[in-house]
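Trainee: show me how the following folds:
(chains A and B)
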Amino acid sequence: GIQVEQSPPDLILQEGANSTLRCNFSDSVNNLQWFHQNPWGQLINLFYIPSGTKQNGRLSATTVATERYSLLYISSSQTTDSGVYFCAGWGSNDYKLSFGAGTTVTVRA
Amino acid sequence: GAVVSQHPSRVICKSGTSVKIECRSLDFQATTMFWYRQFPKKSLMLMATSNEGSKATYEQGVEKDKFLINHASLTLSTLTVTSAHPEDSSFYICSARDFTSNNEQFFGPGTRLTVL
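Mentor: As a prediction, this is how the structure comes out:
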């Protein structure tokens, strides 16, 4: 499968701050998803975004498929945004999601 | 979004016993389901791909005789950890792919297995 690299590995934010998380892929991706894993372990789907830009409330994501990266933006962060953010994708020859190592976000009040 | 349920959420068992975990897609049909394992502070590791009506495909290094997978219907897949040992203790997460929605994958809430 493809290799997925996420950065930064850890992020500490003050409530109200904005941040950008990045995901780089080793090859072209046909399916790219962003997830938030809450403290109880549940993965919550944030975006399905193989290309282009999407927004959902305070979160938005952009994928530049030709350059093999995706960005997740968190604006006006809240303590409930804390958790681990994963990106995952599959390539043209592999229909299994490959996950990055995740970015652990801690938002402090 | 689509909902995937998983049961039980937590199980504690004695070494040598078998444990079955159920994964259901509640509001969509899933021809393909996946089973992952996650160690503390680590990413998800794919164990196997389950296709309805056929044998599961296991990832390299995963013992198919220890981790039995059955996908008998379009909404249910089960993972049975046979003769469990303490090293099998982990967080197991299932996932289902919704082919009517760009093959987006949705995840269950996970099962925390502790083997004493």
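Trainee: ok, residue A:75 - contacts?
Mentor: Applying CB atoms under 8 Å, 6 or more residues apart in numbering or on different chains to residue A:75 gives the contacts A:18, A:58-60. Bear in mind the C-beta positions are built from the backbone N, C-alpha and C, glycine included.
Trainee: all strands for chain B, in order.
Mentor: For chain B, the strands defined by DSSP state E occupy B:4-7, B:10-13, B:19-25, B:32-38, B:44-51, B:57-58, B:67-73, B:76-81, B:90-98, B:104-107, B:111-115.
Trainee: and those strands: which comes nearest residue A:74?
Mentor: Closest to residue A:74 of the strands of chain B is strand B:104-107 (CB to CB; 20.3 Å).
Trainee: which residues sit against the closest one?
Mentor: Here strand B:104-107 has contacts from A:31, A:33, A:35, A:42-43, A:45, A:48, A:88, A:97, B:1-4, B:25, B:34, B:93-98, using CB under 8 Å, 6+ apart.
Trainee: in chain B, what residue comes closest to chain A?
Mentor: Of all residues in chain B, residue B:107 sits closest to chain A, at 3.9 Å by CB to the nearest CB.
Trainee: count the residues that sit near that residue.
Mentor: 22 (other CB atoms under 10 Å in any protein chain shown).
Trainee: can you confirm residue A:92 is in a strand?
Mentor: No. Assigned with DSSP: H, G, I helix; E, B strand; the rest coil, residue A:92 falls outside any strand and is coil.
Trainee: give me phi/psi at it?
Mentor: The phi and psi values for residue A:92, taken as degrees, to the nearest 10, are phi -70, psi -20.
Trainee: are any of the contacts of strand B:104-107 buried, and which?
Mentor: The neighbour count (16 or more other CB atoms under 10 Å in any protein chain shown) marks A:31, A:33, A:35, A:42-43, A:48, A:88, A:97, B:2, B:4, B:25, B:34, B:93-98 as buried among the contacts of strand B:104-107.
Trainee: what residues does chain B put near chain A?
Mentor: Residues of chain B found near chain A (CB under 8 Å from any CB of the partner chain) are B:1, B:34, B:38, B:42-44, B:46, B:49, B:91, B:93, B:95, B:101-107, B:109-110, B:112.
Trainee: recalculate using a threshold of 7 Å.
Mentor: Within chain B, the positions near chain A by CB under 7 Å from any CB of the partner chain are B:1, B:43-44, B:46, B:49, B:91, B:102-107, B:109-110.
Trainee: show me the two of those that sit farthest apart.
Mentor: In those, two members sit farther apart than any others by CB to CB. They are B:91 and B:102, at 27.0 Å.
Trainee: more crowded one of the two?
Mentor: Taking neighbours as other CB under 10 Å, residue B:91 and residue B:102 compare with residue B:91 leading, 17 against 13.
Trainee: measure the more buried one to residue A:40 for me?
Mentor: Plainly put, residue B:91 is 10 Å away from residue A:40 if you go by CB to CB, to the nearest Å.
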